[in-house]
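*Asks:* Just need the structure, nothing else, for what follows:
(one chain, ligands or ions: 3)
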Amino acid sequence: ENHTEQPFRCGYVAVLGRPNVGKSTLMNHILGQKVSITSRKPQTTRHRVLGIYTDNEAQILFVDTPGIHSKEERSINRYMNRAATSSMTDVDVLLFVVDGTQWTDDDELVLNKVSQAKGKKVLFVNKVDKLTDKEELLPHIAQITEKCHFDAVFPGSALKGQNLEQLTATLKSYLPEGDLFYPEDYITDRSERFMAAELIREKLMRSLGEEIPYSSTVEIEQFKFNDKGVLTISGLILVERPGQKAIIIGKKGQRLKQIGRDARLEMEELFDCKVFLELWVKVKDGWADDERALKSLGYND
Ligand code: GDP
Ligand code: K
Ligand code: MG
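*Replies:* Ligands and ions are numbered 1, 2, ... in the order given. Alright, predicted model coming up:
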């Protein structure tokens, strides 16, 4: 047999789209691991998160981003839009994700930004598992590709893993030749502390009703192994109002307990060791609309 050796490829893919189309779910599924937290609520992803995929042909550096949205009333929202928009420059591929069942003005907003950016462009039409008639997608796709040129288009499902192998192969082929940027066993550039805070925030987002999630953030105050080899983590949940604190704690502390238990179990899996997790809730009025408070809470990339 005489086949030529393909060069190794490595580069950045920015995952873009409005909130809730399934960007983080998509990245996690391709990585085979939860690097970026997900929930049914918009604004679950607040930071830029690097997800590293490596096989024997390529290393894809996925940049998961907060969804770009038009409501910019508070500092935290401006921060999220900044984090998403800035990741569009200096990447090799823009992966624009839309929800095949729902098109909104915010999709239009992101599409405009994508159409003005440089680099290879791939459209992923997500959540097709929810459609009984796949034909419905065609006019939808035509409308999008009329406004912006895409080098490849894939309908599929991030949740069910539909069409993700084809997507991954195409993304790899668009990357420049080059060596690994990160060791092959790395899955993210984020610290374990950051991952711990995010897992707590995910459980919060999933456990709470509509209002509070956007008013809360998590700070890790302690992250260390005790003399018995148990990873001891202390997390502080900050909210904006006393009423929110009461809701998070719940009747007889039940809700907070459940959030702590769910987060701890995932931490034990992620860090591969026994974890002791302590959670506290504190009111810090106005943290989400205060540039300085945001910086000190880690919203500074
Ligand atoms: P993001 O805000 O764009 O990062 O979206 P998430 O990844 O957090 O997902 C938002 C919601 O959509 C979650 O409840 C996901 O489970 C759901 N979701 C994501 N992808 C799919 C999909 O392919 N099919 C269905 N039915 N739901 C999905
Ligand atoms: K979400
Ligand atoms: Mg997300």
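*Asks:* looking at this, Arg201 is in a helix?
*Replies:* Yes. Counting by DSSP: H, G, I helix; E, B strand; the rest coil, Arg201 is found in a helix.
*Asks:* What about the spatially closest residue to it that is not a sequence neighbour, how many residues nearby?
*Replies:* Once flanking residues are discounted, Arg201 sits nearest to Val218: 4.8 Å by CB to CB, 6 or more residues apart in numbering. For the C-beta atoms, the positions are set from N, CA and C on the backbone; glycine is no exception. Other residues within reach of Val218, judged by other CB atoms under 10 Å, total 21.
*Asks:* got it, and Ala246?
*Replies:* 13.
*Asks:* Any figure for the gap between it and Val281?
*Replies:* 9 Å (CB to CB, to the nearest Å).
*Asks:* Check Ile220 too.
*Replies:* 14 Å.
*Asks:* cool, and Gln143?
*Replies:* Counting by CB to CB - Gln143 and Val281 are separated by 46 Å.
*Asks:* Check Phe8 too.
*Replies:* Going from Phe8 to Val281 by CB to CB gives 48 Å.
*Asks:* More neighbours: which of those two?
*Replies:* Neighbours were counted for Phe8 and for Val281 using other CB under 10 Å; Val281 has more, 19 against 14.
*Asks:* Quick check: that one is in a helix.
*Replies:* No. Assessed with three-state DSSP, Val281 is strand; it does not lie in a helix.
*Asks:* quick one, what contacts it?
*Replies:* Listed by CB atoms under 8 Å, 6 or more residues apart in numbering, the contact set of Val281 reads 236-239, 245, 248-249, 256.
*Asks:* Glu219 now?
*Replies:* Applying CB under 8 Å, 6+ apart, the residues near Glu219 are 197, 235-236, 238, 297-298.
*Asks:* excluding its backbone neighbours, what's nearest Leu26?
*Replies:* Of all residues not flanking Leu26 in the chain, Ala158 sits nearest, at 3.7 Å (CB to CB, 6+ apart).
*Asks:* and that neighbour, how many neighbours?
*Replies:* Ala158 is flanked by 26 other residues according to other CB under 10 Å.
*Asks:* about what we covered before: so which helix or strand takes in the residue nearest to Arg201?
*Replies:* Assigned by DSSP states H and E, Val218 belongs to strand 217-225.
*Asks:* Likewise for Thr170?
*Replies:* helix 164-173.
*Asks:* Establish whether that helix and ligand 1 are in contact.
*Replies:* No. Helix 164-173 lies apart from ligand 1 when judged by CB under 6 Å from any ligand atom; the minimum separation is 9.8 Å.
*Asks:* So which elements touch that helix?
*Replies:* Other helices and strands packing on helix 164-173, by 3 or more CB pairs under 8 Å, 6 or more residues apart in numbering; DSSP states H and E, are strand 9-16, helix 23-31, strand 58-64, strand 120-126, strand 152-155.
*Asks:* let's go with 10 Å and repeat that
*Replies:* Under the contact definition 3 or more CB pairs under 10 Å, 6 or more residues apart in numbering; DSSP states H and E, helix 164-173 sits against strand 9-16, helix 23-31, strand 49-54, strand 58-64, strand 93-99, strand 120-126, strand 152-155.
*Asks:* Show me what residue of the stretch 51-200 of the chain gets nearest to ligand 2.
*Replies:* Gly67 (7.3 Å; CB to the ion).
*Asks:* How about that residue: what's its closest non-neighbour residue?
*Replies:* Among residues not flanking Gly67 along the chain, Pro19 sits closest, at 3.0 Å (CB to CB, 6+ apart).
*Asks:* Might you report the residue contacts of that neighbour?
*Replies:* Listed by CB atoms under 10 Å, 6 or more residues apart in numbering, the contact set of Pro19 reads 41-45, 66-69, 71, 80, 84, 104, 106.
*Asks:* What is the neighbour count of Ser24?
*Replies:* For Ser24, using other CB under 10 Å, the count is 28.
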